[in-house]
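J.: Need coordinates for the following:
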Amino acid sequence: MTAYSSTTETPIGPFTAVVDTDGAVLASGWTADLSTLLPVIHSALRPTAVDERTDLGAVTRAVAAFHAGEVTAIDDIVVRQRSGAFVEHAWDVLRTVEPGRPVTYTEYADLSGRPAAVRAAAMACARNAAALFVPCHRVLRLDGSLGGFRWGLAVKEWLLTHEAHTIAA
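T.: Just a heads-up that it's a prediction; the model follows:
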C-alpha cells in the first residue's frame, strides 16, 4: 500500500502527517522525520511506500486551523489505527475529550468504561500513532502534572495552553 505524507510548519515546530489513500491519518506528530512515524503504524496498516506531498487536503487544513486557534478543526478528520478492542475503544473515547478540559488518566480510564484500567488507559495514550487527531495530550497525571508525551512536554504544555486560551477567548 502506498501512503502520502506532508509536513506543515507550526508554532511549535514541523508537524508531519501520514495518510492512506482514502485520506485517513495513520500517524502524525511534531517532527519532520518520517522515519519516526512509520514504525508506530500498526503492521497491518503500515505502507510499503510513502509519497511526499505539499498538501494533504483536509488534513493539512485542519492542522493549520488548529494551530491558528480553531481547536475543533481536527474533530472530523478520519483516523485509522489498530490494536486490541480496549485500546481502539479508548482512542475513540479520547477523541471526545473536549479541548481546554483535560482529564486525568483515572478519569480517562473511567470514561473508557474500565475505571480500574488506569495503566491500560495510559498505554493507549503511549501507543497512539495519530497525535493531535487523537488528542492524548489532553490526559494528565492525577496530581495535574503533564506526565509523558511522545513529542515532548514542551509541546504538550503548548497544546494545553493553546486550547485553554482558545476556549476561554
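J.: what's the neighbour count on residue 59?
T.: Residue neighbour count, defined by other C-beta atoms under 10 Å, stands at 24 for residue 59. For the C-beta atoms, the positions are set from N, CA and C on the backbone; glycine is no exception.
J.: for the one 10 residues further on, same thing?
T.: By other C-beta under 10 Å, the residues close to residue 69 number 12.
J.: before we move on, what about residue 124?
T.: Per other C-beta under 10 Å, the neighbour tally for residue 124 reads 28.
J.: 19 is where my numbering starts, stick with that
T.: Sure thing, new numbering starts at 19, so read that last one as residue 142.
J.: Next one: it, what pLDDT does it get?
T.: On the pLDDT scale, residue 142 is placed at 95.
J.: That one reaches residue 112, doesn't it?
T.: Yes: Residue 142 is within contact range of residue 112, at 7.2 Å (criterion: C-beta atoms under 8 Å).
J.: So for the two, which residues contact both of them?
T.: Residues touching both residue 142 and residue 112 (C-beta atoms under 8 Å, 6 or more residues apart in numbering) are residue 154.
J.: Show me what counts as buried in the lengthiest strand in the chain.
T.: For the chain, the strand that runs over the most residues, judged by DSSP state E, is strand 20-28. Buried residues in strand 20-28, defined by neighbour count with 16 or more other C-beta atoms under 10 Å: 21, 22, 23, 24, 25, 26, 28.
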